[in-house]
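A.B. asks: coords please:
(one chain, ligands or ions: 1)
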Amino acid sequence: MTTTTQPMLTLIGVSKRYGQTTVALQDIHLEVYAGEILCVLGPSGCGKTTLLRVIAGLEDADTGQILLKGQDLRELPVHRRHFGFMFQDFALFPHKSVAENIAFGLRMARRPAAEIQRRVAEMLDLVNLEGYGERSIFELSGGERQRVALARSLAPNPRLLMLDEPLGNLDQSLRDALMVELRSILTRVGVTALYVTHDQEEAFALADRVVVMNRGRIEQVGRPEAVYTHPASPFVARFLGFRNLIPATLEQPGNGRLRTPLGELPAPPDAAGRAAGSYTLLIRPEAARWPGQGELPGSFRLEGKLTRRSFRGSHYGIELEVAGSQGMERLHFELPAYSLSSDGGEPVLRLPDPGASIELAIHPGLMTLL
Ligand SMILES: Nc1ncnc2c1ncn2[C@@H]1O[C@H](COP(=O)(O)OP(=O)(O)OP(=O)(O)O)[C@@H](O)[C@H]1O
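C.D. replies: Model (predicted):
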């Protein structure tokens, strides 16, 4: 990432309503830095597309300001913004060749023929489609079409590239491969990119920073690792797929203990410095070990009934039912299935059948207070 200190794009208090009741964007403050890939992540209807449309100038904000390198976007006509788009419904021209599709923006900008030819060749090379220039779009696979769409949007060298669920129509394995390729292409070109998706894995794989939205508001902005390790709210945690969220009370912040429906538990390290009060405790699925097998020092024991067990190769997905003060709590863990301290026997952990009472070692370092 090549960031500079002045943001490329600044949103100040941007709001947008549709009709009387739908608040699509509410008081959005956001900075996008040159050369970064910013992924806007959130559930359906949270305002992601509206955010892109307002920046693109396809929709007017009701209030607030959008600055491009300090200049108010309202003073800059849409065609002079030099933004590029790769939207799911922004289809390729099916009857034109790959090269003609890629050349489209350059022709619209009336660039000289020699420059267009050179740029198309560069773009074909960039997206690993050398030799495909004369093919028609019909002769391409879904993944190849997306690469042509990317080449077309990058060809005019946009100041800002906006991508809205560009991999949405592809099957999972193709998406996985293209996510990695897309990040590598975007960083190589150094383009500033705003990428909308509802898929957290896609956002994590692509982003320099992630913006998590909920009902038109920004819940959290940060590096993917920071957002995953320290979700800012129970909403973000749930959206990222965390399921072990338990009410917790920090009575005496200094004593390192938490009161929860599962009983008194050691507080996670990030409880230090927090005020006394009510919180939500997140226990990560990775926090559990089979006692004695790779157990981390400082772990505590949690007893319960093993209610589900599914072998996933590298780990077991398990459900543990724990009797709590407010009824049964169901916790979900990813238990490493292999032990590195094997004594020459089978390295794979053999779990008892569902129904058995078990004890797990839980490490407080993999818990966090929200
Ligand atoms: N043109 C419109 N007229 C009225 N309401 C709209 C319009 N466009 C969007 N909305 C509403 O605004 C809210 C935000 O929509 P938006 O398309 O930005 O969400 P999104 O996060 O991109 O969702 P998805 O992931 O499903 O595309 C939704 O409640 C939607 O129904």
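A.B. asks: which element, helix or strand, includes the residue sitting nearest the centre point of the chain?
C.D. replies: Among the residues of the chain, the one closest to the centroid is Ala203, at 2.7 Å (C-alpha atoms, centre = their mean). Take DSSP states H and E as the rule and Ala203 turns out to sit in helix 200-206.
A.B. asks: for the helix or strand that comes right after that helix, which strands pair with it and how are they oriented?
C.D. replies: Later in the chain than helix 200-206, the nearest helix or strand by DSSP H and E is strand 209-214. Here strand 209-214 is paired, per DSSP bridges, with strand 37-41 (parallel), strand 217-222 (antiparallel).
A.B. asks: could you export these to CSV, including columns for distance to the ligand?
C.D. replies: Bear in mind the C-beta positions are built from the backbone N, C-alpha and C, glycine included. Shown next, in CSV, are the strands paired with strand 209-214 (distance: least, C-beta to the nearest ligand atom, whole Å):
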stretch, distance to the ligand
strand 37-41, 8
strand 217-222, 12
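A.B. asks: among the ones you listed, which is nearest Leu30?
C.D. replies: strand 217-222 (6.7 Å; C-beta to C-beta).
A.B. asks: which outside residues touch the next helix or strand along the chain from the closest one?
C.D. replies: Going down the chain from strand 217-222, the next helix or strand is helix 224-229, by DSSP H and E. Helix 224-229 is contacted from outside by 203-204, 207, 209-210, 212, 220, 236, 240, 368, using C-beta atoms under 8 Å, 6 or more residues apart in numbering.
A.B. asks: pull the most distant pair out of those residues.
C.D. replies: The most widely separated members of the contacts of helix 224-229, counting by C-beta to C-beta, are Ala207 and Thr368 (20.6 Å).
A.B. asks: contacting residues for Leu129?
C.D. replies: Here Leu129 is in contact with 98, 144, 147-148, 151 (C-beta under 8 Å, 6+ apart).
A.B. asks: cool, and Asp171?
C.D. replies: Asp171 neighbours (C-beta under 8 Å, 6+ apart): Gly142.
A.B. asks: again, only this time at 10 Å
C.D. replies: 142-143 (C-beta atoms under 10 Å, 6 or more residues apart in numbering).
A.B. asks: relative to the ligand, how far out is it?
C.D. replies: Separation of Asp171 from the ligand (C-beta to the nearest ligand atom, to the nearest Å): 19 Å.
A.B. asks: next up, phi/psi of that residue, please.
C.D. replies: Backbone torsions for Asp171, taken as degrees, to the nearest 10, come to phi -80, psi 160.
A.B. asks: over to Ala34?
C.D. replies: phi -60, psi 130.
A.B. asks: right, and it touches Asp208 too?
C.D. replies: No - if you go by C-beta atoms under 10 Å, Ala34 and Asp208 don't touch, sitting 11.3 Å apart.
A.B. asks: close to the ligand: what parts of this protein are there?
C.D. replies: Contact residues, the chain versus the ligand (C-beta under 6 Å from any ligand atom): 18, 22, 24, 42, 44-50, 198.
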